[in-house]
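Undergrad: Need coordinates for the following:
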Amino acid sequence: MTSNEPVLPIQQPNRDVKQNNDGHIERRNRRALVDIGNLAPTAVEIGKPTQISRPVTRNFRAKFLENAQGEADKNVKIQKPQADPNNEEVSLKAHEETPRRRSRKPSKSLTTVLTARSKAACGITTKPKDPVVNIDESDINNELAEVEYVEDIYTFYKLSETEGGLQDYMNSQPDLNAKMRAILVDWLIEVHRKFELMPESLYLTINIVDRCLSVKKVPRKELQLVGISAMLIASKYEEIWPPEVSDLIAISDNAYSRDQILAMEKVILGQLEWYLTVPTPYVFLVRYTKASLPFDKEMENMVFFLTELGLVHYSVIITNSPSKLAAAAVYAARCTLGKTPAWTETLKHHTGYYEHELRDCAKTLVTFHDCASETKLKAVYRKYVNPEKGAVALFPPARNLVAEARGSEQL
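TA: Okay, here's the model as predicted:
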């Protein structure tokens, strides 16, 4: 122990009792405690013993010495020697005697350090710049929007499309091929436009046609009859004022009679077991287009244009679920219109698809867009070249996706 350390005497019993000259015992008045933990510190002079009123332990003694030394450093004014620039020894001594105040940095826990290293290794160093946007916030007071249930509804749609997905049925049709189906769908799109039906009716019509062909062998001469009957069923399901049978007979150039159409309607409903509430690409397009921010009419028209181009082609319908086709159409439309980023966190959240999962389908849709004006089946092109649809068919396709598609074909 050095000489300048304070002396800590051991507490003596009955120190508060004192006997005066007359022999009477008197007690000292104790000072009231200001703080139950520690009293207000007083100036400590180095070299003088400090009285304490509690048993001394090793830990207490060490803490007491540390506190006493700290108080002494605060109250004792250290005389700094004048630093002589010509005397290096005096300057060095002055530098050594100057107390250094250490800045304590907050210590990090091991969990924090490991988490930071893991994020850095995975490339997650900052929060995402593109947070998920609540697309239903503006519809909270709209009862028809069903904001409280919309997420559950689309979860059910995704589950339903997985359970009732279409299988490759063209090999089981001895008298049909994919080209004949494309001609039929192109014609149905034209009929749908002339009758000015709701878009839901078109998507349900094509769904009914594909589901019917997947369970029933249809001769070539009855393929158009299946299409007309499917549109009649879809119109009854979706429209307030569906077209009459006589209108369908006229639009098909009297190729079929009223009895034939009604008979085929019964056959289709029997084959499908009257199951018409199905998730078509349309129900996903409505949701995904809403999640494509900023939302505008041009974006909506481009999405539906690309989707209907895909509906015409059998390979696109069979290899992609309705939700994936809708998501790929939104991605291709954003690339075509130059939206950045092409795929956002909001879209990923609501669609459940990552960008790389949609790229192949999007490249196929953009390829159809690139040659839409040159193909023989022009119903979709004529529909969306109209100024009422924003003439989006005239927009140049996404060149980066077209170039990738052509590069893949060359390989």
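
Undergrad: Run through the residues that contact the residue nearest the centre of the chain.
TA: The central residue of the chain, meaning the one whose C-alpha is nearest the mean C-alpha position (CA atoms, centre = their mean), is His349 at 3.1 Å. Residues touching His349, when contacts are defined by CB atoms under 8 Å, 6 or more residues apart in numbering, comprise 132, 291. To be clear about C-beta, it is placed using only N, CA and C from the backbone, and glycine gets the same treatment.

Undergrad: Then Thr280?
TA: Thr280 is in contact with 200, 203-204, 206-207, 322, counting by CB under 8 Å, 6+ apart.

Undergrad: could I get these as CSV with pLDDT?
TA: CSV is the format used below for the contacts of Thr280 (pLDDT from 0 to 100):
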residue, pLDDT
Glu200, 95
Tyr203, 96
Leu204, 96
Ile206, 96
Asn207, 95
Pro322, 95
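
Undergrad: Could you point out which of those residues is nearest to Ile189?
TA: Proximity of the contacts of Thr280 to Ile189 was ranked by CB to CB; the top entry is Ile206 with 8.7 Å.

Undergrad: contacting residues for Ile189?
TA: By CB under 8 Å, 6+ apart, the contact list for Ile189 reads 202, 308, 311-312, 379-380, 383.

Undergrad: sorry, back to before: quick one: which of the contacts of Thr280 sit in helices?
TA: Among the contacts of Thr280, the ones falling in helices (DSSP state H) are 200, 203-204, 206-207, 322.

Undergrad: I'd like to know which elements the helix or strand where Ala328 lies is packed against.
TA: In this structure, Ala328 is located in helix 322-336 according to DSSP states H and E. With contacts defined as 3 or more CB pairs under 8 Å, 6 or more residues apart in numbering; DSSP states H and E, helix 322-336 has these neighbours: helix 150-163, helix 281-291, helix 297-312, helix 345-351, helix 355-370, helix 399-410.

Undergrad: Could you rerun that using 6 Å?
TA: Using 3 or more CB pairs under 6 Å, 6 or more residues apart in numbering; DSSP states H and E as the contact test, the elements touching helix 322-336 are helix 281-291, helix 297-312, helix 355-370.

Undergrad: So Ser292 sits against Val330, correct?
TA: Yes. Contact between Ser292 and Val330 holds when scored by CB atoms under 6 Å: they sit 5.3 Å apart.

Undergrad: Which of the two has more residues huddled nearby?
TA: Neighbours were counted for Ser292 and for Val330 using other CB atoms under 10 Å; Val330 has more, 32 against 24.

Undergrad: these two touch, right, the more buried one and Ala291?
TA: No. Taking contact to mean CB under 6 Å, the distance of 8.0 Å between Val330 and Ala291 leaves them out of contact.

Undergrad: returning to that earlier point: can you pull the alpha-carbon coordinates of the helix holding Ala328 into CSV?
TA: Written as CSV, here are the backbone C-alpha positions of helix 322-336 (Å, rounded to 0.1, in the frame of the first residue of the first chain):
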residue,chain,number,x,y,z
PRO,A,322,-53.4,-18.1,-63.4
SER,A,323,-51.6,-16.2,-60.7
LYS,A,324,-48.2,-16.6,-62.3
LEU,A,325,-49.5,-15.5,-65.7
ALA,A,326,-51.0,-12.4,-64.1
ALA,A,327,-47.8,-11.6,-62.1
ALA,A,328,-45.7,-12.1,-65.3
ALA,A,329,-48.0,-9.8,-67.2
VAL,A,330,-47.6,-7.1,-64.6
TYR,A,331,-43.8,-7.5,-64.6
ALA,A,332,-43.6,-7.4,-68.5
ALA,A,333,-45.9,-4.3,-68.5
ARG,A,334,-43.6,-2.5,-66.0
CYS,A,335,-40.6,-3.3,-68.1
THR,A,336,-42.4,-2.1,-71.3
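
Undergrad: Mind listing what's buried along that helix?
TA: Burial within helix 322-336, assessed by neighbour count using 16 or more other CB atoms under 10 Å, is assigned to 322-336.

Undergrad: now do stretch 181-193
TA: For stretch 181-193, burial by neighbour count (16+ other CB under 10 Å) applies to 181-182, 184-192.

Undergrad: in this structure, which ranges drop under the pLDDT threshold?
TA: Along the chain, the parts satisfying pLDDT under 70 run over 1-65, 68-108, 119-130, 164, 408-411.

Undergrad: Mark out where each domain of this structure begins and ends.
TA: Following automatic domain parsing, one finds the domains of the chain at 168-271, 281-410.

Undergrad: what would those domains look like in JSON lines with distance to Glu148?
TA: Listed next are the domains of the chain as JSON lines, based on distance: least, CB to CB, whole Å:
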{"stretch": "domain 168-271", "distance to Glu148": "23"}
{"stretch": "domain 281-410", "distance to Glu148": "15"}
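
Undergrad: ranking those domains by burial, who's on top?
TA: Mean neighbours per residue, mean count of other CB atoms under 10 Å, is largest over these for domain 281-410, with a mean of 19.

Undergrad: I'm done for today, thanks for sticking with me.
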